[in-house]
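Student: Give me the fold of what follows.
(chains A and B)
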Amino acid sequence: MIEFPSKYEPVSIEEKWRQIWEADGIYKSSVNSEKKKYSVVIPPPNVTGMLHIGHILNNTIQDIYCRWKRMAGYEVCWVPGMDHAGIATQIKVEQELKKNEGKSKYDLGREEFVKLIWDWKEKYGGIILKQLRKLGVSVDWSRERFTLDKGLSRAVREVFVDLYKKGYIYKGKRIINWDNITQTALSDDEISYIEKRDKLYYVKYPIVDSNDALVIATTRPETMLGDTAVAVNPADKRYSHLAGKKVILPVVNKEIPIVFDSYVDMSFGTGALKITPAHDMNDFEVGQRHNLEAINILTKDGKINENGLQYKGQGINESRKNVLKYLKANGYLIKEEDYTHNVAVSERSGAVIEPFLSDQWFVSMKKLSEPAIQVVKEGKVRFHPDKWTKTYFHWMDNVKDWCISRQLWWGHQIPIWYHNETGEIYCETTPPKDIENWTQDPDVLDTWFSSWLWPFSVFGWENSAKDKENKDLNYYYPTDFLSTAPEIIFLWVARMIISGLEYMNDIPFKDVYFHSTVRDGKGRKMSKSLGNSPDPLVLMDQYGTDALRFTIVYLAPLGSDVLFDEKNTEIGRNFITKLWNAGRFLKMNYDRIMNDSASGDEEPEYDFAEKWIDSRFNDTIRDIEFYLNAYRLNDYTKSLYAFVWSDFCDWYIELTKVKLSKNASTSRKAIKRAMDIYENILKLLHPVIPYVTEEIWHILDESREGKTISKIEFPALDETKYDENSEKLFEIFKDLVTTSRNERAKYAGINDYEFDIRIKPLNTTAAESVNELTDSLQMLINNKGGTAIEHTTGEFAGTSGDYFAVKFDFKGAAPKLKNGDAGVKTTKELESLKVYITGIEKKLGNKNFLEKAAADVIEKERQKLKDAKEKYEKISKMK
RNA sequence: GGGCGGUUAGCUCAGUUGGUUAGAGCGCCACGUUGACAUCGUGGAGGCCAUUGGUUCGAGUCCAUUACCGCCCA
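Tutor: Residues are numbered from 1 along each chain as shown, chains lettered A, B, ... in the order given. From the prediction side, this is the model:
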């Protein structure tokens, strides 16, 4: 017999089970044609990532579904893995290199540097997967994949080459963030904004064939060298007469058009804007809309190039000075004023970011996305919550081409080679044979270009010819469920749907769950810089992993954010303690009663409380199946929380206590019934709190060694157990108990007195059931004297509930009444009853209501009125 | 600027197709501990369901308006 420890020690117990689960390989999956499969691919965390509270939520959600389906008899396969995270990883290693050796990546060269990153990855990468192990995720570790591993890289090349050959991939221009100190392109994430005091210059652009001039305001006069238009807002009446006119661009001395574009802010400066498409993101778009030429005036190291006339070779500041000098000397500069604005700078080098027009590779998205729109419209792929479908359609209908090249070294280098002499392009999955005559495109692919293939690449996808024999792919694809953050619906989810349809000819997953964003108690996003993100590993040690898992899911409603405060973890911890102690109580009594040699057979009949808990348990199964199928995870935990704590512990176990001290047949039946329900509770809870349920399940029965609760059948719904009468009767019973407790609370020091309890039913239903209920009453109101309970129809002053009035008759001396006036509450209740009755009477007096409302609604109102009046009358006599 | 949400108890949120006196958890107040659990039990207080208008016999629920808050995209 295993001793039930008085305290649950999560840290050591979790570690024990984690090791056993992994050693036994119980979450390994393989093709099993006997069973239906349930497959899930993990959203691959960054190889540089550290576990944060959002990961806890997302991975617990997936684990709940995997564990639930596994217990429900599915062959579950949950594939783990990591993302090579181009930018983040490269930056990380660059920083280490600088810190440790004082070198830059250029000192090593591309090949050496990439090798260094691989070394770093082997040593330090993937900490997050170790942390996920601690979370208890039931993934198949033997299937771990990496977006840059051999198989996935092959898939990336295969897809790139195929798209290129089909004409979806093309080279185009795009403005990128250029850091001219480190000479690299930066992503938006690597940029910060600082406030800078500058000058705003007002420059005159003479209008052609006119004595007038248009005045524009700019902080960057040197970029005039690349101006190809001046823009005004079409709604701006000051300039409407200029339609079709041109201006003369000073310095360069050429004619450029005036264009009308609503992008222009009428209130800024003069309301006229110079347009430099090659050196400003917004100007680039204006240029595209109006077919303007984009003239690049800079070299990669931040000097004016050959398009910059006499300023060629000058730095940005120098050329600005010289251009200004020219403008001033020739009367173009009208005024200058102080101006403070935000300037983008490189987070690493501090260089002012230069928007720079460059050649990039794009995927043409319009045609590719059409089938992906269709499958969501048809409900083949479902989003939860559904509101994201609207966002999805809106984005897909206006889809922009995808820029897939990145100026990095870490990643899948683009499989394009240029012929050194002819410039001819070669695009294949393998390099050209005469490699010495070719140069590969230096850029790598966007990290998402590997993750968009994830749902099939992890199962060994190669190409359609070989896939027919790929058993894993045939069995597991399409996957069933994806849980991810709504921020990446376009970056990732939409693109996976597109690639799945293009390359597997099928959707990648059926249900997508967009989980909540976890925020702090004040509603701010968790972030490193705010320092408001609690370390989940610390919380797991303090409160237990299960407590954290339970809490985060409990707090995360479908479709809105979670406000998570560290202290909230007490919700989960307290619940687990409650569950633990209930188990301990039951086991102690179970062992005692079952070992009693005087034991007899159990009574076969169920009493009203047993029928009630059976019915309630069945309700709970029905609820949680509904909630899990509806992806309402917090409601799944909430209904279990309420059932375990309120129904099972507060009422059922309390009632069971009365029976445990009775004769053998009664006590045996009572403890067996309670234990049976309790074991089923453990199964229902296992998906969300796997460790503690596994532990208790083993403590309850030592013969379970070597088995696991995670492969035990999930309790099934049995509608024959639903018992409306017992549920109603139990509500009446609760009213009787609560009313008695209220009566009890009126007296001070009542424990020292003996009394009889007199009960008066307030309506027919109560009167009919009172005999069945009074037996269980005594224990629950702690009536120590063991005195008789009698019911009466006579009039008396006492406490009234919905169904009963209760009064104590003291044997001999009576305790003092607290607060003297016991009649206050009754008066108050009578008042509110009166308001209620008047309300119904008014309703029933309304002709329109009687004519138009449904018959059963009217009947209900009549019944309500009758009950209320009856109760009013009985209570009023009690005064 | 475009799109999508939200506004119900002190806090965080439920409230299914309109139909009991609008619920829960936490917090608060009172009482309670030789009993599985103080990481607890029992009881209680606390709400003009953001605004204005409409549809309806009947609106927290449906429609519109305003205000405020938030998210995504540009």
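Student: Now do the strands in the stretch 751-879 of chain A.
Tutor: Ranges of strands in the stretch 751-879 of chain A, per DSSP state E, counting those that start in this stretch, are A:755-761, A:789-791, A:799-800, A:804-810.
Student: least reliable of those strands going by mean pLDDT?
Tutor: Note on the strands of the stretch 751-879 of chain A: strand A:789-791 shows the lowest mean pLDDT, a mean of 68.
Student: Out of the strands of the stretch 751-879 of chain A, the one nearest RNA strand B is which?
Tutor: strand A:799-800 (9.7 Å; Cβ to the nearest atom of the strand). Bear in mind the C-beta positions are built from the backbone N, C-alpha and C, glycine included.
Student: Residues of the stretch 551-700 of chain A that sit close to RNA strand B?
Tutor: A:555, A:557, A:559-561, A:563, A:570-571, A:573-574, A:576-578, A:581-582, A:584-585, A:588, A:635, A:638, A:642, A:645-646, A:649-650, A:653-654, A:657 (Cβ under 7 Å from any atom of the strand).
Student: try 6 Å
Tutor: A:557, A:560-561, A:563, A:571, A:573-574, A:577-578, A:581-582, A:584-585, A:645, A:649-650, A:653 (Cβ under 6 Å from any atom of the strand).
Student: are any of those residues buried, and which?
Tutor: A:563, A:571, A:573, A:577-578, A:582, A:584-585, A:649, A:653 (16 or more other Cβ atoms under 10 Å).
Student: farthest-separated two in the residues you listed?
Tutor: A:563 and A:585 (34.5 Å; Cβ to Cβ).
Student: Kindly state the beta-bridge partners for the spatially closest residue to residue A:440 that is not a sequence neighbour.
Tutor: Using Cβ to Cβ, 6 or more residues apart in numbering and skipping residues adjacent in sequence, the residue nearest residue A:440 is residue A:417, 5.1 Å away. In this entry, residue A:417 is beta-bridged to residue A:426, residue A:440, by DSSP bridges.
Student: Do you have the helices of the stretch 551-700 of chain A handy? List them.
Tutor: A:569-594, A:608-629, A:633-642, A:654-660, A:664-685, A:690-700 (DSSP state H, counting those that start in this stretch).
Student: need those helices in TSV with mean pLDDT and distance to residue A:509, can you?
Tutor: Formatted as TSV, the helices of the stretch 551-700 of chain A follow (pLDDT from 0 to 100; distance: least, Cβ to Cβ, whole Å):
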stretch	mean pLDDT	distance to residue A:509
helix A:569-594	90	29
helix A:608-629	89	16
helix A:633-642	88	17
helix A:654-660	85	45
helix A:664-685	90	26
helix A:690-700	94	24
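Student: and of the ones you listed, who's closest to residue A:185?
Tutor: So among those, helix A:633-642 is nearest, using Cβ to Cβ, at 40.4 Å.
Student: Against which helices or strands is that closest one packed?
Tutor: Contact here means 3 or more Cβ pairs under 8 Å, 6 or more residues apart in numbering; DSSP states H and E; on that basis helix A:633-642 packs against helix A:53-71, helix A:545-554, helix A:608-629, helix A:664-685.
Student: so which of these is the most packed in?
Tutor: Between these, helix A:545-554 has the highest mean count of neighbours, a mean of 27, where neighbours are mean count of other Cβ atoms under 10 Å.
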